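Novice: Return a 3D structure for these sequence lines:
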Amino acid sequence: MSRNTEELKGVTLLGNQQTVYSYDYTPEVLETFDNKHPELEYLVTLDCPEFTSLCPKTGQPDFGHIIIRYIPRIRMVESKSLKLYLFSFRNHGDFHEDCVNIIMKDLVKLMDPKYLEVEGRFNPRGGISILPFANFGDPDHQEMVRERMLNVMQNR
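Specialist: Numbers count the residues shown, from 1 in each chain. Model (predicted):
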């Protein structure tokens, strides 16, 4: 069953040929659509291998790979708006750990998912790679929060 016009009402960026790219942190660009399968528990993975932000001290660019995984409840993030949102970090000066936590908090606020995690794999600077991981779970997914955190810790 296809989505109807009413279900797509809040999706304004997808298919828009006049896309405006913000070079400053812009969480307002994020859009959602309804999950047509809220009775199911399934995982959505979004992969952004070309994430960039700025070092807050030096202003030099940082390059990374952001992976977002979530179990939706009612709302889901629209992918083009997510792309524009992640692009808006291009001139945002924050540490890698801050970027990952900001992304997680913005998406939790936007969607109210059952579970959400954000993993950052940043390219080395000064010979050190930084690999932050942040996750969130509703009361029914607290065991998953702990298990995923332990799994990440054990596998790094």
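Novice: longest helix of the protein?
Specialist: The single longest helix within the chain, with elements called by DSSP state H, is helix 96-111.
Novice: That one - contacts with which helices or strands?
Specialist: When contacts are defined as 3 or more CB pairs under 8 Å, 6 or more residues apart in numbering; DSSP states H and E, helix 96-111 sits against strand 44-54, strand 61-71, strand 75-77, strand 115-122, strand 133-137. Backbone N, C-alpha and C define where each C-beta goes, glycine included.
Novice: Please spell out which residues along that helix are buried.
Specialist: Using 16 or more other CB atoms under 10 Å as the burial criterion, the residues of helix 96-111 that qualify are 96, 99-104, 106-108, 110-111.
Novice: For the protein, give me the ranges with low pLDDT.
Specialist: Filtered on pLDDT under 70, the chain yields the residue ranges 1, 8, 12, 15, 17.
Novice: give me that answer again for 80
Specialist: The model of the chain has pLDDT under 80 over residues 1-23, 156.
Novice: wouldn't D24 be in contact with N91 here?
Specialist: Yes. Contact status for D24 versus N91: in contact at 5.8 Å, counting by CB atoms under 8 Å.
Novice: Compare these two (neighbour count), which wins?
Specialist: Just comparing D24 and N91: by other CB atoms under 10 Å the higher neighbour count belongs to N91, 15 against 9.
Novice: any idea whether that one is helix, strand or coil?
Specialist: Assigned with DSSP: H, G, I helix; E, B strand; the rest coil, N91 falls in the coil class.
Novice: now the helices and strands packed on helix 96-111 as a markdown table including mean neighbour count and distance to T5?
Specialist: Below are those laid out as a markdown table (neighbours: other CB atoms under 10 Å; distance: least, CB to CB, whole Å):
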| stretch | mean neighbour count | distance to T5 |
| --- | --- | --- |
| strand 44-54 | 16 | 23 |
| strand 61-71 | 19 | 26 |
| strand 75-77 | 20 | 18 |
| strand 115-122 | 23 | 29 |
| strand 133-137 | 20 | 32 |
